[in-house]
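Undergrad: Fold the following.
(one chain, ligands or ions: 2)
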Amino acid sequence: MKILIVGSGGREHAIAMCAAKSPKADKIYCAPGNAGIGQIAECVPIGAMEFDKLAAFAKEKEIDLTIIGMDDPLVGGIVDVFEAEGLSVFGPRKNAAILEGSKVFAKDLMKKYQIPTAAYETFDNADAALAYLETADFPIVLKADGLALGKGVLICNSLEEAQNGVRSIMCDKQFGAAGNQIVIEEFMTGREVSVLSYVDGKTIKTMTSAQDHKRAQDGDKGLNTGGMGTFSPSPFYTEEVDAFCQKYIYQATVDAMAAEGREFKGIIFFGLMLTPKGPRVLEYNARFGDPEAQVVLPRMKNDMIDVMEACIDQKLDKIDLAFEKNAAVCVVLASDGYPVKYEKGFEIKGLENFEDKDGYYCFHAGTKRSEDGRFVTNGGRVLGVTAKGSDLKQARENAYAAAEWVEFENKYMRHDIGKAIDEAQ
Ligand code: AMP
Ligand code: GLY
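TA: Ligands and ions are numbered 1, 2, ... in the order given. All right, here's what the predicted structure looks like:
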């Protein structure tokens with residue numbers, strides 16, 4: 001088979017690694033890819049939002065399966081463009097990717113189908129939102145409706161903070177058109193867990209759990225980032241929690257989408273909060289998480305291509321998903337100053353240390369090749385170093401040891417990825 005992957009981050013590197021392991025894969029392309037992906041796939045300089053060019057490329061190369069890694073092209077309707085050309089593609093259509101693309105849609109869906117989530121109101125004008133805040137309890141959470149690079153959520157501790165938030169989202173358009181509508185919702189407390197799942201429109205199969213660390217600094221301080229590290233499984237995602245979510249959240253979401261005429265095929269990522277009142281949905285994403293994919297995919301025993309084809313052919317009920325009974329930790333190596341201001345273009349040394357090391361992975365995110373062929377930094381999140389271990393503690397030890405195998409001038413990482421594990425034991 002010829003496979004095309006759309007995206008350029010650590011997640012897409014993990015997807016490419018899984019695809020490369022499949023005996024079915026003869027040739028893998030990635031658009032646009034990065035320097036690490038370039039070691040296992042042919043990178044093609046077409047942007048993820050250039051749908052017509054991507055579809056033309058897929059036709060010309062007779063691609064058998066295209067896998068969309070990123071949210072923007074999914075929400076923008078890339079799957080519809082590929083399907084209209086008769087191309088086989090893994091991911092939700094535009095009318096289903098709205099589950100991630102519009103928080104108002106997602107919240108209204110959960111309310112209509114009684115899927116547990118935070119209480120909320122939606123607003124399409126700032127005056128009504130400001131009036132509502134006068135009567136609200138604090139802290140309170142504001143969410144821009146559309147995609148905002150993971151930054152569209154504001155937790156506001158006071159009326160004044162919330163008023164400023166509403167003005168900057170709805171009047172000053174801090175996140176552009178994503179702020180035309182907002183959700184104002186109840187502040188919840190509890191541990192967060194990410195559960196990713198394969199969905200074929202009818203059947204859903206959940207993967208092993210994971211937890212992300214979104215803040216830039218140790219102790220969950222500093223600004224929100226795309227994710228500074230992950231661990232899998234989450235010791236807080238107990239059998240009891242799983243049973244609750246299987247009963248009230250997962251299948252209910254798939255059925256709700258089907259009932260709305262928005263059959264969902266692809267990955268649903270459930271962002272959950274384990275509150276004192278039970279698990280609640282924080283958000284849905286319509287794709288693998290980044291860096292959740294970097295700890296979940298290396299532990300998957302199945303041939304990923306088989307599973308994706310089963311989703312497309314609506315035969316997921318025939319697949320037994322299986323994960324290794326071990327653990328994995330991913331530590332993101334970032335450019336110092338991320339997510340605000342950072343330098344790039346520094347040489348990355350030591351990547352060869354990962355060659356032939358079972359259970360260790362160095363997923364590239366912001367990297368490229370210099371003109372003379374060296375690997376150099378090219379973004380805020382540079383690499384995701386993943387290691388497996390027999391349990392979470394061992395995996396964490398291994399990941400932090402491996403994080404020292406690579407060097408670049410402004411290397412920055414958190415030192416407490418997975419520290420929460422200790423509290424569970
Ligand atoms: P989201 O993009 O909806 O996942 O929100 C980003 C982050 O904001 C989440 O991972 C939570 O840490 C936090 N968050 C979102 N909604 C709430 C809420 N209702 N209560 C408390 N924290 C929240
Ligand atoms: N790691 C969170 C996300 O991919 O949205």
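Undergrad: show me where the stretch 301-425 of the chain has helices.
TA: Along the stretch 301-425 of the chain, counting by DSSP state H, counting those that start in this stretch, helices occupy 304-312, 392-403.
Undergrad: Can you add mean pLDDT and give those helices back as JSON lines?
TA: Formatted as JSON lines, those follow (pLDDT from 0 to 100):
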{"stretch": "helix 304-312", "mean pLDDT": "98"}
{"stretch": "helix 392-403", "mean pLDDT": "97"}
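Undergrad: So which of those helices is nearest residue 383?
TA: For the helices of the stretch 301-425 of the chain, the distance to residue 383 is smallest for helix 392-403, at 8.8 Å, taking Cβ to Cβ. No exception for glycine: its C-beta is placed from N, CA and C like everyone else's.
Undergrad: rewinding a little: which stretch among the helices of the stretch 301-425 of the chain comes nearest ligand 2?
TA: helix 392-403 (16.6 Å; Cβ to the nearest ligand atom).
Undergrad: what about the residue nearest to residue 201 when sequence neighbours are not counted, which helix or strand?
TA: Spatial nearest neighbour of residue 201, chain neighbours left out: residue 263 (4.2 Å); criterion: Cβ to Cβ, 6 or more residues apart in numbering. Secondary structure from DSSP states H and E places residue 263 outside every helix and strand.
Undergrad: Quick check: end-to-end length of stretch 362-380?
TA: 16 Å (Cα to Cα, to the nearest Å).
Undergrad: Apologies, that question was intended for stretch 42-55.
TA: Stretch 42-55 end-to-end distance (Cα to Cα) = 16 Å.
Undergrad: Residue 10 against residue 382, yeah?
TA: No: with contact defined as Cβ atoms under 8 Å, residue 10 and residue 382 do not form a contacting pair (9.2 Å).
Undergrad: so where's the chain uncertain?
TA: 425 (pLDDT under 70).
Undergrad: right, is stretch 354-366 up against ligand 2?
TA: No: Stretch 354-366 is not in contact with ligand 2 by Cβ under 6 Å from any ligand atom; minimum separation 11.9 Å.
Undergrad: Could you list the buried residues of that stretch?
TA: Within stretch 354-366, the residues scored as buried using 16 or more other Cβ atoms under 10 Å are 354, 360-366.
Undergrad: just curious, which of the residues you listed is nearest to residue 174?
TA: Out of the buried residues of stretch 354-366, the member with the shortest distance to residue 174 (by Cβ to Cβ) is residue 366, at 24.0 Å.
Undergrad: And that closest one, its phi and psi?
TA: phi -90, psi 80 (degrees, to the nearest 10).
Undergrad: What of residue 190?
TA: The phi/psi pair for residue 190 (degrees, to the nearest 10) is phi 140, psi 180.
Undergrad: who's in contact with it?
TA: The contact partners of residue 190, by Cβ atoms under 8 Å, 6 or more residues apart in numbering, come to 273-276, 280.
Undergrad: Would you point out which residue of the protein is nearest ligand 2?
TA: For the chain, Cβ to the nearest ligand atom, closest residue to ligand 2: residue 289, 3.5 Å.
Undergrad: mind checking the SS state of that residue?
TA: coil (DSSP: H, G, I helix; E, B strand; the rest coil).
Undergrad: pretty sure it contacts residue 196?
TA: Yes: assessed by Cβ under 8 Å, residue 289 is found in contact with residue 196 at 6.4 Å.
Undergrad: Please identify every residue contacting each of the two.
TA: Common neighbours of residue 289 and residue 196 (criterion: Cβ under 8 Å, 6+ apart): 210, 269, 296.
Undergrad: my read: the last one touches residue 212, true?
TA: Pointing back at residue 296 there. No: the pair residue 296 / residue 212 is not scored as a contact, 11.2 Å apart, by Cβ under 8 Å.
Undergrad: list the residues that contact both of these two?
TA: By Cβ under 8 Å, 6+ apart, the residues touching both residue 296 and residue 212 are residue 289.
Undergrad: which residues sit in contact with the residue of the chain closest to ligand 2?
TA: So, once contact is read as Cβ under 8 Å, 6+ apart, residue 289 ends up touching 11, 194, 196, 210, 212, 227, 230, 269, 296.
Undergrad: ok, it to residue 63 distance?
TA: Per Cβ to Cβ, to the nearest Å, residue 289 is found 25 Å from residue 63.
Undergrad: ok, now residue 127?
TA: 50 Å.
Undergrad: How many neighbouring residues does the nearest residue to residue 220 once chain neighbours are set aside have?
TA: Leaving aside its sequence neighbours, residue 220 sits nearest to residue 213 (Cβ to Cβ, 6+ apart; 7.1 Å). By other Cβ atoms under 10 Å, the residues close to residue 213 number 25.
Undergrad: distance of residue 213 from ligand 1?
TA: Shown here: residue 213 relative to ligand 1, a distance of 10 Å by Cβ to the nearest ligand atom, to the nearest Å.
Undergrad: Redo the contacts of residue 289 as JSON lines? Include neighbour count.
TA: What follows is the contacts of residue 289, written out as JSON lines (neighbours: other Cβ atoms under 10 Å):
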{"residue": "11", "neighbour count": "26"}
{"residue": "194", "neighbour count": "26"}
{"residue": "196", "neighbour count": "22"}
{"residue": "210", "neighbour count": "26"}
{"residue": "212", "neighbour count": "23"}
{"residue": "227", "neighbour count": "24"}
{"residue": "230", "neighbour count": "28"}
{"residue": "269", "neighbour count": "22"}
{"residue": "296", "neighbour count": "25"}
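Undergrad: Take these and lay them out in CSV including secondary structure and distance to residue 313.
TA: Converted to CSV, the contacts of residue 289 look like this (DSSP: H, G, I helix; E, B strand; the rest coil; distance: Cβ to Cβ, whole Å):
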residue, secondary structure, distance to residue 313
11, helix, 24
194, strand, 27
196, strand, 20
210, strand, 27
212, strand, 31
227, coil, 32
230, strand, 30
269, strand, 22
296, helix, 23
